[in-house]
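> structural data only, the sequence is not supplied:
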Ligand code: R7I
Ligand code: MG
Ligand code: MG
């Protein structure tokens, strides 16, 4: 596997998150971000990237994922200024005080959170375990999701993003022109459907299959048919639609489209950014796109270390 794709995944996630943060949610959130959204002149990243960094550092240290330790590490890192979900903060505070994640994760919502917090960081699981294959990745996705998200919808959303990144890593862009894009979209979506078990995801992916090769969906169509909110079921499908629709375009065009639709812009940007980066690699992103974003050197360093770790 090419290091450019490792860099592409993590940088795509960072870029989608940091550039999307100023557009997230409603008026109040955007107002707050106007005051705290810059750090030393650079655009701040949010919880999406922060949790991904924790995952990457964890894997680099242990060369595997240990959910109990990971839950503690997530908990230690939480800062309100990164814009965490309210349920996530609640759970992580309990874990920090010594409660097991198995207990904490269903305290606030009895079936566990259906938010997209497991899906937003899951691309890192795919690149860390890429050489181990998809079954190992799926096992880890479930275990890692459950440290904060016990809800089946949240876990399924994470599984979908993990698999999309996995398939995207395998696409050879030098050959993409020779493959009719129409067939590529169809085969990716068919593969995806084969691993999805929840009906509401299946329906949305079927809808994407029907619409992906037509006109780009408008804002109101996205909101009506796919959703653009904080629940995994309302953000994962839109992220994968955007990544497939814009895979041959500049990452900025994809992100501008996502930000215009609005809603959970940082997270949808992070998930789509990771998939886009897995297809195209960092070398396809102009430096100017990320030159004013916080954390670029760190993300590059962690991506390289993950790349080297998977060789072992
Ligand atoms: O899923 P999570 O980590 O949130 C990630 C989102 C991303 O957009 C980040 O950028 C950040 O902004 O937050 O955090 P949770 O708090 O677990 O879930 C997010 C929200 O979904 C919660 O604050 C609730 O509003 C809602 N939610 C639920 N509401 C009712 N019942 C999640 N699960 C439930 C539920 O079971
Ligand atoms: Mg965020
Ligand atoms: Mg978000």
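Cool, got the structure. Please read these numbers as outputs of a predicted model, since none were measured by experiment. Ligands and ions are numbered 1, 2, ... in the order given.
> contact residues of the stretch 51-200 of the chain facing ligand 1?
83-88, 109, 113-117, 120 (C-beta under 6 Å from any ligand atom). Placement of C-beta: from N, CA and C, glycine included.
> now list the buried members of the residues you listed.
83, 84, 85, 87, 88, 109, 113, 114, 115, 116, 117, 120 (16 or more other C-beta atoms under 10 Å).
> before we move on, which element is the fourth one in?
Element membership for residue 87 (DSSP states H and E) is helix 86-96.
> contact partners of that helix?
With contact meaning C-beta atoms under 8 Å, 6 or more residues apart in numbering, helix 86-96 is reached by 47, 71-72, 74-76, 78, 80, 84, 101, 103-105, 107-109, 113, 115, 117, 148.
> out of those residues, which touch ligand 2?
Applying C-beta under 5 Å from the ion to those, one finds that residue 47 fall near ligand 2.
> sort out for me which of the contacts of helix 86-96 are in helices.
Among the contacts of helix 86-96, the ones falling in helices (DSSP state H) are 47, 71, 72, 74, 75, 76, 101, 103, 104.
> which of the residues you listed count as buried?
If we count by 16+ other C-beta under 10 Å, the ones in helices among the contacts of helix 86-96 have these buried: 47, 71, 72, 74, 75, 101, 104.
> before we move on, back to that, what is the most widely separated pair among the buried ones among the residues of the stretch 51-200 of the chain next to ligand 1?
83 and 109 (19.1 Å; C-beta to C-beta).
> for ligand 3, what are the nearby residues on the chain?
Counting by C-beta under 5 Å from the ion, the chain comes close to ligand 3 at 264, 266, 267.
> quick check: the last one is in a helix.
By that I understand residue 267. Yes. According to DSSP: H, G, I helix; E, B strand; the rest coil, the state of residue 267 is that of a helix.
> ok, of the residues of the stretch 51-200 of the chain next to ligand 1, which one's closest to residue 292?
Nearest to residue 292 among those: residue 83, at 18.8 Å, using C-beta to C-beta.
> now the closest one. Nearest residue, chain neighbours left out?
If the residues on either side of it in the chain are set aside, residue 83 comes closest to residue 46, at 4.5 Å by C-beta to C-beta, 6 or more residues apart in numbering.
> all the helices of the stretch 151-300 of the chain, residue numbers only.
152-170, 173-176, 181-195, 199-211, 219-221, 236-245, 251-261, 265-280, 287-290, 296-309 (DSSP state H, counting those that start in this stretch).
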